[in-house]
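Chemist: Take this sequence and fold it.
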Amino acid sequence: MKKILLVYYSRTGFTRRVAEEINKRLECDVCELQEEHPRGGIAGYLRSAFEAYTGHLPALRELEYELGKCALLIVGSPIWAGRVCAPVRAFLAHQPLGTGEIAVFVTYGGMGASKVLDSLAALAGKAAVARLALTDREIDADAMAHKVDAFVAGVRAKGLT
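Modeler: Here you go, the predicted model:
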């Protein structure tokens, strides 16, 4: 099996739940991005929206993975104010991604998934081999299996597992 790393950020748990579903199917290494300052409560929510609008890149704790050795990097982000969340933007801005492929997924409560999926790929500087968008409602209703299966099938079709 080729090395797959799934990197994501989750403030409320929706993105984490999707990452866990993907991991059940692909059995990849998983890394949840950790920040120096937590985003709990209303203050964290407001800070998240502000950083999404301003493009601020927060400080992240160091990763323990060598991204250059991955055949596939899966990047997951919640959508904040119609944009990639600040911690994922910071990760993509500061990490050398290597030559492997990428796949991307987003979770959201409103709209704008296609634009944010495009943004994730652009920030990574690569076309995504697979894309997935799930609403918070789909995740809460546990109605995500068919979309996650299609995403994983897209990864497998590229010979990355």
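
Chemist: and after the helix or strand bottoming out on mean pLDDT in the chain, which helix or strand comes next?
Modeler: The helix or strand of the chain with the poorest confidence is helix 41-54; it has a mean of 88 (mean pLDDT, DSSP states H and E). Counting by DSSP states H and E, the next helix or strand C-terminal to helix 41-54 is strand 72-80.

Chemist: tell me the mean pLDDT over that following strand?
Modeler: Strand 72-80 comes out with an average pLDDT of 96.

Chemist: Look up the residues forming beta bridges with the most centrally placed residue in the chain.
Modeler: By CA atoms, centre = their mean, the chain has its centre lying nearest to Gly76, at 0.9 Å. Beta-bridge pairing for Gly76 (DSSP bridges): Tyr8, Phe105.

Chemist: isn't it right up against Arg17?
Modeler: No - contact between Gly76 and Arg17 fails when scored by CB atoms under 8 Å: they sit 10.3 Å apart. Heads up, the C-betas are built off the backbone N, CA and C, glycines and all.

Chemist: shared neighbours of those two, which are they?
Modeler: Ser10 (CB atoms under 8 Å, 6 or more residues apart in numbering).

Chemist: With adjacent residues omitted, what lies nearest to Arg17?
Modeler: Excluding its sequence neighbours, the residue lying closest to Arg17 (CB to CB, 6 or more residues apart in numbering) is Ile139, at 5.6 Å.
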